[in-house]
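*Asks:* sequence unavailable; structure follows:
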């Protein structure tokens, strides 16, 4: 949804924009192109690998691209350190980057074998394996039900606890197999892998994704200039609900006005060309 994002973000020369989820630098590159010759892009990502890849990609733009390894919830501090008082637009793309999805060693994929890590920032103390080892049965069930919206949360949590009493649940294949044998065959979807919701729930918990999203909604509008825009791409219902409610609350308080009454969705052509975009929802709001 590059065109929709750029139009909503209203990129113009001479302005300053933030890509709070830099990833491989695709959106950042497009922002820099559209704000030439003097627009500034501040890119944040807490994934060191993403920062390195984006640095190479954005090298042609010189000091117009300022990249920082940091969680987007620390945006005010980052801007202060750069001597920037306010920005004209902020973009958050909440989907997993291809860097993370294609990694064979970080545990985001349930196909193939890898340690159950799932940390977007390797400086974080807890991995998914740590959670599976230490959380109580009830805590595991709650995480699977709330963050994964998994109807079989109770059965999967019990199966994990039973398994860890025999041996640690430390790899992607070990966890996947637990889920496969726990969910009755007749209820296993042919469209998505049965382990998808379990992996999603653990990833969200490990990285505190929903809590971070709530934080950035509370503080991001404060660093926007008047007329500045906040655009958020979400990829599952939990995120979109938080964004929708957060924007409505900011509108109610008179801080922002909604730019999208309903979320923008990818075209049928884009969904065919990029299956990962099928669940994308784009919302935007403008600082009053």
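*Replies:* Nice, I can see it. Remember, it's a predicted structure, so these values are computed and weren't measured experimentally. Numbers count the residues shown, from 1 in each chain.
*Asks:* could you point out which element follows the lowest-mean-pLDDT helix or strand in the chain?
*Replies:* For the chain, counting by mean pLDDT, DSSP states H and E, helix 98-101 ranks last in confidence among helices and strands (a mean of 65). From helix 98-101 onward toward the C-terminus, using DSSP states H and E, the following helix or strand is helix 128-134.
*Asks:* buried set for that next one?
*Replies:* Residues 128, 129, 131, 132 are the ones in helix 128-134 that count as buried (16 or more other C-beta atoms under 10 Å). C-beta: built from backbone N, CA, C; applies to glycine.
*Asks:* surely residue 250 touches residue 217?
*Replies:* Yes - Residue 250 is in contact with residue 217 according to C-beta atoms under 8 Å; the separation is 7.4 Å.
*Asks:* what sits against residue 96?
*Replies:* 108, 203 (C-beta atoms under 8 Å, 6 or more residues apart in numbering).
*Asks:* tell me the SS of it?
*Replies:* Here residue 96 is coil, with the state taken from DSSP: H, G, I helix; E, B strand; the rest coil.
*Asks:* let's number from 40 now, not from 1
*Replies:* Got it, the first residue is 40 from now on, which makes the last one we talked about residue 135.
*Asks:* show the model's pLDDT score for it.
*Replies:* pLDDT, residue 135: 77.
*Asks:* distance of it from residue 91?
*Replies:* Going from residue 135 to residue 91 by C-beta to C-beta, to the nearest Å gives 18 Å.
*Asks:* swap in residue 190?
*Replies:* Plainly put, residue 190 is 40 Å away from residue 91 if you go by C-beta to C-beta.
*Asks:* and for residue 279?
*Replies:* 31 Å.
*Asks:* residue 265 now?
*Replies:* From residue 265 to residue 91 the distance is 36 Å (C-beta to C-beta).
*Asks:* can you check residue 131 too?
*Replies:* Distance of residue 131 to residue 91, given as C-beta to C-beta: 21 Å.
*Asks:* between these two, who's got more neighbours?
*Replies:* Comparing residue 131 with residue 91 by neighbour count (other C-beta atoms under 10 Å), the higher total belongs to residue 131, at 23 against 13.
*Asks:* look at the more buried one and give its secondary structure.
*Replies:* strand.
*Asks:* make sure it is actually in contact with residue 61.
*Replies:* No - between residue 131 and residue 61 there is no contact under C-beta under 8 Å: 10.6 Å.
*Asks:* need the contact list for the residue sitting nearest the centre point of the chain.
*Replies:* Nearest to the geometric centre of the chain sits residue 133, at 2.7 Å (C-alpha atoms, centre = their mean). Counting by C-beta under 8 Å, 6+ apart, residue 133 touches 60, 248, 252, 271, 272, 273, 274, 278.
*Asks:* immediately after the helix or strand containing residue 310, which helix or strand?
*Replies:* Taking DSSP H and E as the definition, one finds residue 310 inside helix 307-312. For helix 307-312, the succeeding helix or strand toward the C-terminus, using DSSP H and E, is strand 320-326.
*Asks:* what's the average pLDDT for that next one?
*Replies:* pLDDT averaged over strand 320-326 gives 98.
*Asks:* cool, stretch 244-252 as well?
*Replies:* pLDDT averaged over stretch 244-252 gives 96.
*Asks:* below-threshold pLDDT in the stretch 90-239 of the chain: ranges please.
*Replies:* By pLDDT under 70, the low-scoring segments of the stretch 90-239 of the chain are 136-144.
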